[in-house]
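[1] Could you work out the structure for the sequence below:
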Amino acid sequence: MQLPADMIPTKLSLLTEWYRKKELLRLIQGEEIELRAQVVSAFGDPNAEIGTQTIALEAGWKLKIKKSLDYKLDNTEGAVELFQQDCPADVFNRVVKWNPSLIVDGYKALSEQEQKAFSEILTIKPAAIQVELVKPGE
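    You can find the predicted model right below:
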């Protein structure tokens, strides 16, 4: 990583340390996922598909391995709404719940008075700051 020579040394070292930690975190996350799979393979029941396995270890420690399934509706091109038309309402309503989400551009286009009305049900807080180091020419 080569940075402009005119950067103040303390700022440069801060930026360098952040970038180093960012890359280290990326590497460690991959290693943790790999090691987790090895732990499951070494200690867990290979035939278990879902559920919690508790394995007794030394000195009273326990290892818990939780296997579960993620369920997600595919609503590409309104597929859920199309499916809803052919599904009995009582069945559909037992299986699907709609989670309201804010259309930010629509909210921003509201008048100040309309935005104020939404303040009763809306919380706005700072998101995590994103930082990216871009190589020259990219």
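[2] What is the longest helix along the chain packed up against?
    Determined from DSSP state H, the single longest helix within the chain is helix 9-43. The contact analysis (3 or more CB pairs under 8 Å, 6 or more residues apart in numbering; DSSP states H and E) places helix 9-43 against strand 62-67. Any C-beta I mention is one placed from the backbone N, CA and C, and that applies to glycine too.
[3] Can you give the contact residues for the strand it packs on?
    Applying CB atoms under 8 Å, 6 or more residues apart in numbering, the contact partners of strand 62-67 are 39-40, 43-44, 48-57.
[4] Just the ones in strands from those residues, please.
    Among the contacts of strand 62-67, DSSP state E puts 51-56 in strands.
[5] Of these, just say which sits nearest to residue 84.
    Using CB to CB, residue 51 is the member of these that sits closest to residue 84, with 31.5 Å.
[6] Report the beta-bridge partners for that closest one.
    Counting by DSSP bridges, residue 51 forms beta bridges with residue 67.
[7] May I see the buried residues of the longest helix of the chain?
    Using 16 or more other CB atoms under 10 Å as the test for burial, helix 9-43 gives residue 40.
[8] and it with strand 51-56, angle?
    90 degrees (axes from the mean of the first three to the mean of the last three CA atoms, to 10 degrees).
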